[in-house]
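Student: the sequence isn't on hand, but the structure is:
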C-alpha cells in the first residue's frame, strides 16, 4: 500500500484529513521535536481508533510534513507512490 493510500484510508475511517490531524497535533504540542512517536500513536489509538501502521503514517507527516523519499516513487511495487510530496488536504481535493 502506498503512503498516500494509508493517508486516504485514515481519512475514510475517521473523516479527518491529514492536515486536520496535523492541526490537532500542533494544538497538543505533539509536533515538537522532543515528543516521542509513542505518545502520538497512543493518542491516535485512543481518540480515533487507529492501528499502529496508520498512526505511524500520521506521525511521519506531523513531524516531517508532506515530503517523502524517492525510493518508491515511480516504481511498480506494492508501496509505490506517484510523487514524493503527499497530498494532505484530503481525498476530495486530489486531482489526477
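Tutor: Happy to help now that I have it. Given the structure is predicted, the values throughout are model-derived calculations rather than measurements.
Student: check contacts around the most centrally placed residue in the chain.
Tutor: Residue closest to the mean C-alpha point of the chain, counted by CA atoms, centre = their mean, is residue 58 at 3.2 Å. With contacts taken as CB atoms under 8 Å, 6 or more residues apart in numbering, residue 58 has the following neighbours: 7, 10, 18, 21, 25, 40, 44, 50. Bear in mind the C-beta positions are built from the backbone N, C-alpha and C, glycine included.
Student: show residues contacting stretch 1-14.
Tutor: 16-18, 21, 48-50, 53-54, 57-58, 60-61, 68, 72, 78-82, 86-88, 90-91.
Student: now do it: distance to the chain's middle.
Tutor: 8 Å (CA atoms, centre = their mean, to the nearest Å).
Student: buried sites along it?
Tutor: Across stretch 1-14, burial judged by 16 or more other CB atoms under 10 Å covers 2, 3, 4, 6, 7, 8, 9, 10, 11, 14.
Student: present these as JSON lines; the columns should include distance to residue 34.
Tutor: JSON lines is the format used below for those (distance: CB to CB, whole Å):
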{"residue": "2", "distance to residue 34": "30"}
{"residue": "3", "distance to residue 34": "25"}
{"residue": "4", "distance to residue 34": "28"}
{"residue": "6", "distance to residue 34": "25"}
{"residue": "7", "distance to residue 34": "25"}
{"residue": "8", "distance to residue 34": "30"}
{"residue": "9", "distance to residue 34": "29"}
{"residue": "10", "distance to residue 34": "25"}
{"residue": "11", "distance to residue 34": "28"}
{"residue": "14", "distance to residue 34": "26"}
